[in-house]
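Engineer: turn this into a structure:
(2 chains)
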Number of protein chains: 2
Amino acid sequence: MSDSFQQQPLVYAFGHGRADGTSAMKDILGGKGAGLAEMTNLGIAVPPGFTIAATLCHTYLETRSFPSRLRREVEAALQRVEAETGKEFGGEEHPLLVSVRSGAAVSMPGMMDTILNLGMNDVTVEGLARRSGNPSFAWDCYRRFVAMYSAVVLDLPKAPFDELADAALLAHGAASPIELPAAALKALVARFKSHATEATGTPFPDDPMEQLWGAIAAVFESWNTRRAIDYRRMHEIPDSLGTAVNIVAMVYGNLGETSGTGVAFTRNPATGARELYGEFLPNAQGEDVVSGARTPEPIANLKDHLPGAYHELDRMARTLERHFRDVQDMEFTIEDGTLYMLQTRRAQRTGQAAFRVACEMVAEKLISEEEAVARIPPQALEQLLHPMIDPGASLDLIASGLPASPGAASGAVVFDADVAEQRARSGESVILVRRETSPEDFHGMVAARAILTARGGMTSHAAVVARGMGKPCIVGASLDVDEAQQQIRVGDRSVAEGEWITLDGTSGKIYLGQAKLLVPEMDEHYHQLMGWADRIRPMRVRVNADTPADAHRGRDFGAEGIGLCRTEHMFFEGDRLTAVREMILATRDEERQRALERLLPMQRGDFEAIFRAMEGFPVTIRLLDPPLHEFLPKDAEEIEALAAELGRDAGEIRDVVAGLHEQNPMLGLRGCRLGIIHPEITRMQARAIFEAACTVAARKGRVQPEVMLPLVASVTEFRRQALVVREVAEEVFRERQLTVPYLLGTMIELPRAALTADEIAREAQFFSFGTNDLTQTTWGLSRDDSSRFLPHYLETGIIDQDPFQSLDVAGVGRLVRMAAEAGRATRADLKLGICGEHGGDPASIDFCESVRMNYVSCSPYRVPIARLAAAQAALANRGTVIRTRATV
Amino acid sequence: MSDSFQQQPLVYAFGHGRADGTSAMKDILGGKGAGLAEMTNLGIAVPPGFTIAATLCHTYLETRSFPSRLRREVEAALQRVEAETGKEFGGEEHPLLVSVRSGAAVSMPGMMDTILNLGMNDVTVEGLARRSGNPSFAWDCYRRFVAMYSAVVLDLPKAPFDELADAALLAHGAASPIELPAAALKALVARFKSHATEATGTPFPDDPMEQLWGAIAAVFESWNTRRAIDYRRMHEIPDSLGTAVNIVAMVYGNLGETSGTGVAFTRNPATGARELYGEFLPNAQGEDVVSGARTPEPIANLKDHLPGAYHELDRMARTLERHFRDVQDMEFTIEDGTLYMLQTRRAQRTGQAAFRVACEMVAEKLISEEEAVARIPPQALEQLLHPMIDPGASLDLIASGLPASPGAASGAVVFDADVAEQRARSGESVILVRRETSPEDFHGMVAARAILTARGGMTSHAAVVARGMGKPCIVGASLDVDEAQQQIRVGDRSVAEGEWITLDGTSGKIYLGQAKLLVPEMDEHYHQLMGWADRIRPMRVRVNADTPADAHRGRDFGAEGIGLCRTEHMFFEGDRLTAVREMILATRDEERQRALERLLPMQRGDFEAIFRAMEGFPVTIRLLDPPLHEFLPKDAEEIEALAAELGRDAGEIRDVVAGLHEQNPMLGLRGCRLGIIHPEITRMQARAIFEAACTVAARKGRVQPEVMLPLVASVTEFRRQALVVREVAEEVFRERQLTVPYLLGTMIELPRAALTADEIAREAQFFSFGTNDLTQTTWGLSRDDSSRFLPHYLETGIIDQDPFQSLDVAGVGRLVRMAAEAGRATRADLKLGICGEHGGDPASIDFCESVRMNYVSCSPYRVPIARLAAAQAALANRGTVIRTRATV
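Structural biologist: From the prediction side, this is the model:
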């Protein structure tokens, strides 16, 4: 390793149509260096320069010294630049100045350091002034250099320099340093230098070579600044990359009105429209654009101002886009009418632009449909599906939490579900704020624009319900919800009922007041691209839907069936809940039977509507899963009310509730255990399913019911319950004189089911991986209780990501893979799917593709993302398209 | 298979020193048939006969018919018996009678059918009367035959026959049928036959061949009677075995006073003493002994009564014991002074006898030490360690539950821990009865002789604590504990406070009243045999001990270290609990630090005492594991009291308690998660451990601390906590100027830990499998909540055994094996042990041996069982000794 490293060059030159590197060498040259090399090779006007390999960054950071051959290589490269420019570094006559810039393989905009105009001293400034015939320009460059070098290399605070500059502006009534006369600039440089000398206790370096090595070291050092480390952590960029150092001959945008600098995109990054888009600042250097001190002009103005340069820029933009086959984000400088390109890179873009650009580039035959699909980051789709806060809005951030359901919304704060409903009915926008939500809050959640809770994790009740409804939701927020006092408290601030807040469910941020929202639309480009994605992906995408309304919504988003229909959700509504409670509280078999008979037609009706909504696509129905106590009232008041309603003794009901109490309900009497203890419930549910299926089938409707047994730990449990379901199916088919083909399968949501999948597959016709519960049991981690330590785990890097959000491949994934392989070894045509929250997460979908699942299933609003992610996973796993780290 | 079956004989003859079979052919001949064949080959006087292969049993049961060649083979074998006895089956002159008996490969005493004196009819009875010169005898045989055949083959109720017999006895003033004159017996036979004919509607069969085939069919049928099936289920005997049918020439114990029948053991099965032991009934057939109608005499009486037969029996006993190299249980009949052996089999024996016999047989060079060790069933050891109910006691069973901790105890029922303590102090024996126990009941459990709960499973609080103390305990009992009314209710019976009950914690049975108990002792044979076991086993046996007292007890039972010291148990006592609560309730860091500083010397003191008790053996200390809310009071009253004690606001404490509430505490903030959130607790505990270790080591004591991190799910968690522990260790070693070698390892108690064991082993020096929690998470099954369905699962055969009692090899075992292999692949010298409840279960210990664990650890009273089971597992896995199905 170190041997081969010794032999590779440390420095890569470019200039005059010839570069040592190419755009494929990002790991060595960094993104900026690779772009400069590639542009040079393309014959684009790039000032000559050279790049010091990023591979040297860690060597320097470990030893704080440079290998001796680097000095030789840098000096040789510098001589080449001198030859190509006809200038001399540190020269008296025709001095060469350079910029020294960082650039890692992955773009980290603004995170690392840059020094411009390096090579300036009291001798070279005079040469530059003479040669340009513009002393103000020369002294302005010197001023810029001393200020920048002091900040970046000498690590001095900026404020004293700003104060000195402000004093000079004031003295001359100037608005900006470029308005100052040369003498004033000269005096300012002297003041800057003497301040730097005083502050450091060392004379400000005048030797250009000393300046150069100081700047190179500073750029390497900037890899490990706090903000750079944080940025890498946030964007999951490996620390090991390191930054390259780009040293480029200066071209001057500050030579006067025929000069300038700017940034341009080859297409509009907001809309995707095919037009040159960007900003331009006359008589300026790059830092002026970045600092925001002066307001740049739209690029179109350049057409009138310097038409030659504009057309050259437009031509180069086309060249670069054709060459890189993607929208480019370019930096340029015009020196006295001549255009130079300083950087080109892949342009970030909005979701809408991403779709339009991808589709139009296919039409332009620039890229293939597969590439178009591979290029859309799933986040782009999120933007298309949900309102977002106008990026230009100025906001008052008050707290943040877990981004449980994407999109943004504004509304008046309300602490009670009933109030939410009332106010929403009178046309008000409300945001329901609760410590945590429970099924009783459901109507309030329906009424609210968004939901905010102080407790709970990504799979808490609020989160799951909100995602199902496609409403923005933030949970586990860093604030107190004082329901008694009807206010939110954050530190010493508080928000009372009726005050407006804005939630960004995509970022998890909570703002005070009403923010401007951008409402997206799914246009022709969306539909075209999703069509390609659908053709590419072998995995089907289903929806998790418990009601006919959800089922319709899923179909609208392109779902090809239901992967999880949770029958218990049907139990919670209105008089059903009463019947369910009667069933649970029954003391005699006949009583229980009567309650079940009342439930039967209700369930059957739901199933009929769901089958119809699914238009013949498969529908996976999970039999009753949650512990029975979830259906009973908890507090004394509710118990009294129920007792009165049922004409029963409250004490008796209290006893039943107490008797059903469990220490760990997650691990208690639920799932198929319920059906084994109470086979009459299984029988009722099976009858409702098969009667509904027969009714729909009899009217020439296609139906594909898939009956799913939950929480199976051993094949024997499956076998016992399967017997009951099959018996009922045969009974119903006999009664209706009609047979509907159906599948009988199970959730794989316990480690033991995964470990004994070979046995279970002997009986089960499909597996649906319930990765929510499988994550809970594999990690020994209750999602309801994890908020007390999971955030800490994420913050301190104990885990990289919330295992409830993105499938834990090393642990849970290993079980899933084992089960998939063992199951298919037993039964070759075993159908495999996933119905946990992970079914809508792109990284998890990629994993599902890698174990060749037949489908993924997710909440309605995640269906488009799953369709896209499934196609991208297929492309990546096939190796057709290299996965790129794409961001919006 | 069916081809080779066709070629094998169906019938195996024996007689006159020559048998077709041997004792190795139990699968074909059944135990009884194999014994008869082997005895014949040994030259022992066995009446001639033949055995129909058990392999035919299922063929018959499926087809309800016999293969034609069976008829040929049976007729040929019968002719051989006729030739050997000189009698004729159905013959007029010298009739041959036979017995037809069942006999499976595994003994199922009394479970299947037998018919004696078969071949009797109105013709043969006259021949038998003439030939024997004893008409009463002949008619008695006929009477016996008709009664038995009617019951067994014709399936008629016994009562009418008994009534007819009673009437005859009454009429003749006789106490027993053998006192009846021949004429009366003859009349009785006629009445029996006509009743049978009436009841069946078919004449009673007179043809001996018809009788024989009817009897053979009946014996095969008896394999599937309810009681036989239940017996097999209870004793885990496979249904597939089937029974053989043994047809043996009758010899007559009812020929008069020089005849008789009996049962004898080659050694005393209660004490193990080397003496002929048994019972004898003159002038009787075998059924008379079994029916209990007459009281048999001790075998010693035979010495005076028929000395020749006695000495012959004694000689045969020696021969059989030498041949079979084990204690034999023999049936014999003396016909007119001549001894015939009818059966020999391995004798059941008490625990005490098992040890004595094994040791004495080694001394006699009959068996090797390895065989002696392999032969002791672990249940025998249980008997030696715990009092048992006198097998002769007559008992009033009122309910049963899970046998949570073995041994028997009687005492007055008490429903309150305080009352238990008071009454016990005044010398009363009490049994603590609670719906379920909690840490607050601890003093009551200490005071009680035994514990009974209506709720909870084998690893509930009551069960774990009782096993730790070696007290009998039954949990999850089928009764109501009405703590308010102070009574137990079972159906319409009730037991009030103060009434006596007797618990058998070995069987899970609860009896009303006081039963006589047998108190065992561990004698020289126990120590000798356990010494051999210790030499054989490669696995070490450790004890789970949380206190110095437990540690001492473990050492007394032979533990070679502590496998699990739960530090939180130290937290529950007296002023420690107060300090723990202060720590939890601390609002500022200094407050928390102060509370921890108060805890430090207490923990250190405990560790010192434990290290000393362990005399240099390794001590595995688990850092704090349970959720913090377990240490806080729950109800308002207790909270008020605590507030008063600490001078804090009750509302504040209530908030903390509410804030720490968890939905599923099993899966919440506990284990290493606590230490990660509160590293100061880890630091305090580590300091206590290392300071204690240094103190003991400084006084020339050997110490081997093994620090164990609980509930690790990922290697990162381990790494973070390990850093803290190692830092503290180095600090302490520096302060004390002394280094104590220690290991740092982890519990493997979550599926994810097992699945990523390769990574964890990179950091951890040992794994201790926490199979309690691993079972809970692998099955998704809370042990606290499982009592609502696990009993149903066991009863209906959904699971074969409680996975908390015996390790679930297919599921949990698979994870353990994966982790062991992956861990050792990473770190060859990784130490592996088990510290769940399974560490004391023989079947689970066998599994641990098969994955080559270094040790098992269990509660003190299970240590001897683990020592024995580990040796037996080693012998079996090595193949040195074939495992036998041994029972007490």
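Engineer: can we go C-alpha only for contacts and neighbour counts from here?
Structural biologist: Fine.
Engineer: centre of the chain to the helix or strand hosting A:Thr695, how far?
Structural biologist: Using DSSP states H and E, A:Thr695 sits in helix A:679-698. Chain-centre distance of helix A:679-698: 42 Å, with C-alpha atoms, centre = their mean, to the nearest Å.
Engineer: residues in contact with it?
Structural biologist: For helix A:679-698, the external contacting residues (C-alpha atoms under 8 Å, 6 or more residues apart in numbering or on different chains) are A:593, A:596-597, A:600-601, A:603-605, A:607-608, A:611-612, A:623-624, A:675, A:702-703, A:705, A:721, A:724-725, A:728-729, A:732-733, A:736, A:738-740.
Engineer: then stretch A:330-344?
Structural biologist: Contacts of stretch A:330-344 (C-alpha under 8 Å, 6+ apart): A:32, A:35-36, A:44-47, A:251-265, A:285-286, A:306, A:308-309, A:312-313, A:328-329, A:345.
Engineer: what about the contacts of helix A:679-698, which are in strands?
Structural biologist: Members of those lying in strands (criterion: DSSP state E): A:Pro705.
Engineer: show the buried residues in the contacts of helix A:679-698.
Structural biologist: A:593, A:596, A:600-601, A:603-605, A:607-608, A:611-612, A:623-624, A:675, A:702-703, A:705, A:721, A:724-725, A:728-729, A:732-733, A:739-740 (16 or more other C-alpha atoms under 10 Å in any protein chain shown).
Engineer: next to chain B, which bits of chain A? Give me the list.
Structural biologist: A:662-669, A:673, A:677, A:713, A:716-717, A:750-752, A:755-756, A:776-782, A:784-786, A:788-789, A:792, A:798-799, A:810-812, A:814 (C-alpha under 8 Å from any C-alpha of the partner chain).
Engineer: run through chain A and note the low-pLDDT ranges.
Structural biologist: Scanning chain A for pLDDT under 70 picks out A:1-7, A:234, A:290-293, A:459, A:880-888.
Engineer: max-length helix in it?
Structural biologist: As assigned by DSSP state H, the longest helix anywhere in chain A is helix A:589-613.
Engineer: now do it: which elements does it pack against?
Structural biologist: helix A:548-556, helix A:574-585, helix A:679-698 (3 or more C-alpha pairs under 8 Å, 6 or more residues apart in numbering or on different chains; DSSP states H and E).
Engineer: give me the helices and strands touching the helix or strand A:Phe220 falls within, please.
Structural biologist: Under the criterion of DSSP H and E, A:Phe220 resides in helix A:208-221. When contacts are defined as 3+ C-alpha pairs under 8 Å, 6+ apart, helix A:208-221 sits against helix A:56-63, strand A:98-104, strand A:114-118, helix A:135-152, strand A:243-249.
Engineer: put together TSV for the ones you listed, with distance to B:Ala825 and mean neighbour count on each row.
Structural biologist: What follows is those, written out as TSV (distance: least, C-alpha to C-alpha, whole Å; neighbours: other C-alpha atoms under 10 Å in any protein chain shown):
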stretch	distance to B:Ala825	mean neighbour count
helix A:56-63	33	16
strand A:98-104	38	26
strand A:114-118	49	26
helix A:135-152	50	24
strand A:243-249	38	30
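Engineer: which SS class is A:Arg489?
Structural biologist: Put simply, A:Arg489 is strand when judged by DSSP: H, G, I helix; E, B strand; the rest coil.
Engineer: now it. Nearest residue, chain neighbours left out?
Structural biologist: Spatially, and ignoring its direct neighbours in sequence, A:Arg489 is nearest to A:Asp480 (5.0 Å; C-alpha to C-alpha, 6 or more residues apart in numbering or on different chains).
Engineer: now that neighbour: how far from A:Arg493?
Structural biologist: 11 Å (C-alpha to C-alpha, to the nearest Å).
Engineer: the more surrounded of those two?
Structural biologist: A:Asp480 (17 against 9; other C-alpha atoms under 10 Å in any protein chain shown).
Engineer: test my guess that that one contacts A:Ala454.
Structural biologist: Yes: at 6.4 Å, A:Asp480 and A:Ala454 qualify as touching, with contact defined as C-alpha atoms under 8 Å.
Engineer: give me the neighbour count for the residue of the stretch 451-600 of chain A found nearest chain B.
Structural biologist: Closest residue of the stretch 451-600 of chain A to chain B, C-alpha to the nearest C-alpha: A:Arg455 (10.6 Å). Neighbour count for A:Arg455, taken as other C-alpha under 10 Å: 25.
Engineer: now it, what's its secondary structure?
Structural biologist: Under three-state DSSP, A:Arg455 comes out as coil.
Engineer: nice, that's everything, thank you.
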